[in-house]
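Trainee: When you get a sec, could you give me coordinates for this:
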Amino acid sequence: MSFSTLLAIPFAVGLIACILFVIFGQITVRKLRKIPETKLVLGIELLSGWDIINVATVLALPKGYARKILSWVSIYRSNTVF
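Mentor: You can find the predicted model right below:
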């Protein structure tokens with residue numbers, strides 16, 4: 001195998017993984033937006049695809065870390081004035 005073949009295989013696998021990430025992310029976010037409770041938590045999408053990353057991060061984190069992050073966010077929101 002040549003060096004270019006060794007580089008092409010991981011690149012192709014990575015490209016397929018990125019495409020699947022976006023497809024499954026869009027499906028998950030679309031289903032979450034249909035539920036009124038989660039629709040308010042997701043908020044607006046400032047950048048295209050940003051809510052996919054947020055949902056994937058929350059689903060990948062253990063519950064303990066998610067609670068810690070949510071408590072930090074609630075403290076931050078209570079200290080800001082808008």
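Trainee: so how far is the longest helix belonging to the chain off the chain centroid?
Mentor: Identified as the longest helix of the chain according to DSSP state H is helix 3-34. Helix 3-34 sits 13 Å away from the centroid of its parent chain (C-alpha atoms, centre = their mean, to the nearest Å).
Trainee: Could you pull out the buried residues of that helix?
Mentor: Applying a neighbour-count criterion of 16 or more other C-beta atoms under 10 Å, one finds 25, 29 buried in helix 3-34. In short, each C-beta sits where N, CA and C put it, glycine included.
Trainee: What helices and strands are in contact with it?
Mentor: Judged by 3 or more C-beta pairs under 8 Å, 6 or more residues apart in numbering; DSSP states H and E, the packing partners of helix 3-34 are helix 36-42, helix 50-60.
Trainee: make it 6 Å
Mentor: On a contact count with 3 or more C-beta pairs under 6 Å, 6 or more residues apart in numbering; DSSP states H and E, helix 3-34 meets helix 50-60.
Trainee: mean confidence for the longest helix of the chain?
Mentor: For helix 3-34, the mean per-residue pLDDT is 91.
Trainee: Kindly report the same for stretch 44-55.
Mentor: Taken as a whole, stretch 44-55 has a mean pLDDT of 78.
Trainee: mind listing what's buried in it?
Mentor: 51-52, 54-55.
Trainee: Farthest-apart pair in those, please.
Mentor: Spatially, the most separated pair among the buried residues of stretch 44-55 is Ile52 and Asn54, at 7.3 Å (C-beta to C-beta).
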